[in-house]
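J.: Sequence unavailable; structure follows:
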């Protein structure tokens, strides 16, 4: 069994075998991958949803109201199951895009919080160096010319 860290970037056939931990973060490398990345955006677009709702009205509501829709139109446009599942796919694609966007924003905020916490920690060790040494967080006091001796213990 392979670890995620040990997984090759490309499989034997030259295809991507990228990270399975966070698929939204993988950068597309091939033209096909870049094109496929637009599929959820197209599915969730307002014009596509409006088109599907119009198709649903034409193929579902009008026949219920007594309007005759040709068999050819039903064959090409699909039936009510196809139309409603297409609309559901659009909603799911839009929800997924929203979640990915929110996750990226949240990750950026968490990275900034971590950076600030590390800076604060470093400043506290600098200001209260004696207390940090007593607690064992910092090694021996640094001689005047040795900046490495007084670093934070890992």
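T.: Everything's here; your move. This is a predicted model, so every value here is computed, not measured. Numbering: from 1, shown residues only.
J.: the helices in the protein, which residues?
T.: Assigned helices in the chain, in chain order: 31-36, 39-43, 46-56, 62-64, 71-77, 80-127, 129-134 (criterion: DSSP state H).
J.: Using CSV, lay out the ones you listed together with mean pLDDT and mean neighbour count.
T.: For the C-beta atoms, the positions are set from N, CA and C on the backbone; glycine is no exception. Below are the helices of the chain laid out as CSV (pLDDT from 0 to 100; neighbours: other Cβ atoms under 10 Å):
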stretch, mean pLDDT, mean neighbour count
helix 31-36, 82, 11
helix 39-43, 82, 14
helix 46-56, 87, 14
helix 62-64, 86, 11
helix 71-77, 79, 11
helix 80-127, 88, 12
helix 129-134, 82, 14
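J.: From residue 40, how far out is residue 33?
T.: Separation of residue 33 from residue 40 (Cβ to Cβ, to the nearest Å): 13 Å.
J.: do residue 72 as well
T.: In this view, residue 72 and residue 40 are 31 Å apart by Cβ to Cβ.
J.: and what of residue 50?
T.: The gap separating residue 50 from residue 40 is 17 Å, by Cβ to Cβ.
J.: Could you do residue 62 as well?
T.: Distance, residue 62 to residue 40, using Cβ to Cβ: 30 Å.
J.: Ok, residue 83 next?
T.: Taking Cβ to Cβ, one finds residue 83 at 19 Å from residue 40.
J.: Pretty sure residue 74 sits against residue 58.
T.: No: the criterion here is Cβ atoms under 8 Å, and residue 74 misses it with residue 58 at 9.6 Å.
J.: quick one, what contacts the closest residue to residue 83 other than its chain neighbours?
T.: Of all residues not flanking residue 83 in the chain, residue 56 sits nearest, at 4.4 Å (Cβ to Cβ, 6 or more residues apart in numbering). Counting by Cβ atoms under 8 Å, 6 or more residues apart in numbering, residue 56 touches 80, 83, 84, 87.
J.: Between those residues, which sits nearest residue 121?
T.: residue 87 (50.9 Å; Cβ to Cβ).
J.: So the closest one sits against residue 52, correct?
T.: Yes: the criterion here is Cβ under 8 Å, and residue 87 meets it with residue 52 at 5.1 Å.
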